[in-house]
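J.: Sequence first, then the predicted structure:
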Amino acid sequence: TPEIHPPSPPRPPPLPPNGPPPPAPSPAPSAAASAASSASSPAAAAAPEYGAVPSVRAPANVVASIQARRAALHSNLLYQQALHTQLARIESALKRNATLMRKARSYASFARTRPEHRRAKSFFADPLTGDAPPENKDAIRRRVTLQKIPFPYKANAWTKSEIESLHTAVQKEVVRAQMS
């Protein structure tokens, strides 16, 4: 299931390379205001007006560092979006593969039904006519027997002890044949 992420906050505009712009100059003070300010203390004359933004310039390396970080964050967001897109494509491909595998298994189950028995060409068949010699007694008995068996005969696999027993019996028979 895809994850739901909260919306990201709006991005601030990029800073110019030499820092934020200086504040707009204030209008020239009137004569009455200049007289009032000269009458007050020198500290009051140096204080900025209420609401005025002080002019602060950041060093160029700090501004470049901030811009680089913003660019990196933007790249990170783009890569995250690309990864989420790829993950969604992979998940849909996995679902499609699972569906295709189920279909393939169902088709394979039809193929596992008993295949038609095809008779191999006889080694003794006439190459011109394709006629084979008549069946002998063993072939007739085998054909009749196989027609009566309702299921295919499957021999059980030999156990390890049976294989070892056969091996020793064959060895003894070879030794006996060599001795005589």
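T.: Perfect, I can see it now.
J.: Please work out the average pLDDT along the longest helix seen in the chain.
T.: If you go by DSSP state H, the chain has its longest helix at helix 60-111. The average of the pLDDT scores along helix 60-111 is 88.
J.: Quick one: list the elements packing against the very next helix or strand once past that helix.
T.: On the C-terminal side of helix 60-111, the nearest following helix or strand under DSSP states H and E is helix 137-148. Packed against helix 137-148 by the contact rule (3 or more Cβ pairs under 8 Å, 6 or more residues apart in numbering; DSSP states H and E) you find no helix or strand. Backbone N, C-alpha and C define where each C-beta goes, glycine included.
J.: I'd like the next helix or strand past helix 137-148.
T.: helix 160-179.
J.: Would you mark the buried spots in that next one?
T.: Neighbour counts using 16 or more other Cβ atoms under 10 Å place no residue of helix 160-179 among the buried ones.
J.: which other residues reach that helix?
T.: residue 158 (Cβ atoms under 8 Å, 6 or more residues apart in numbering).
J.: avg pLDDT for that helix?
T.: 92.
J.: Restricting to C-alpha, output it in CSV.
T.: Output of helix 160-179 as CSV, limited to C-alpha atoms (Å, rounded to 0.1, in the frame of the first residue of the first chain):
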residue,chain,number,x,y,z
LYS,A,160,19.6,-48.3,-0.3
SER,A,161,19.7,-51.8,1.2
GLU,A,162,18.2,-53.3,-2.0
ILE,A,163,20.8,-51.5,-4.1
GLU,A,164,23.6,-52.8,-1.9
SER,A,165,22.2,-56.3,-2.0
LEU,A,166,22.1,-56.2,-5.7
HIS,A,167,25.6,-54.9,-5.9
THR,A,168,27.0,-57.7,-3.7
ALA,A,169,25.0,-60.4,-5.6
VAL,A,170,26.4,-59.2,-8.9
GLN,A,171,29.9,-59.1,-7.6
LYS,A,172,29.6,-62.7,-6.3
GLU,A,173,28.2,-63.8,-9.6
VAL,A,174,31.1,-62.2,-11.5
VAL,A,175,33.6,-63.9,-9.2
ARG,A,176,31.9,-67.3,-9.6
ALA,A,177,31.8,-66.9,-13.4
GLN,A,178,35.5,-66.1,-13.5
MET,A,179,36.4,-69.1,-11.3
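J.: I am finished for the moment; much appreciated.
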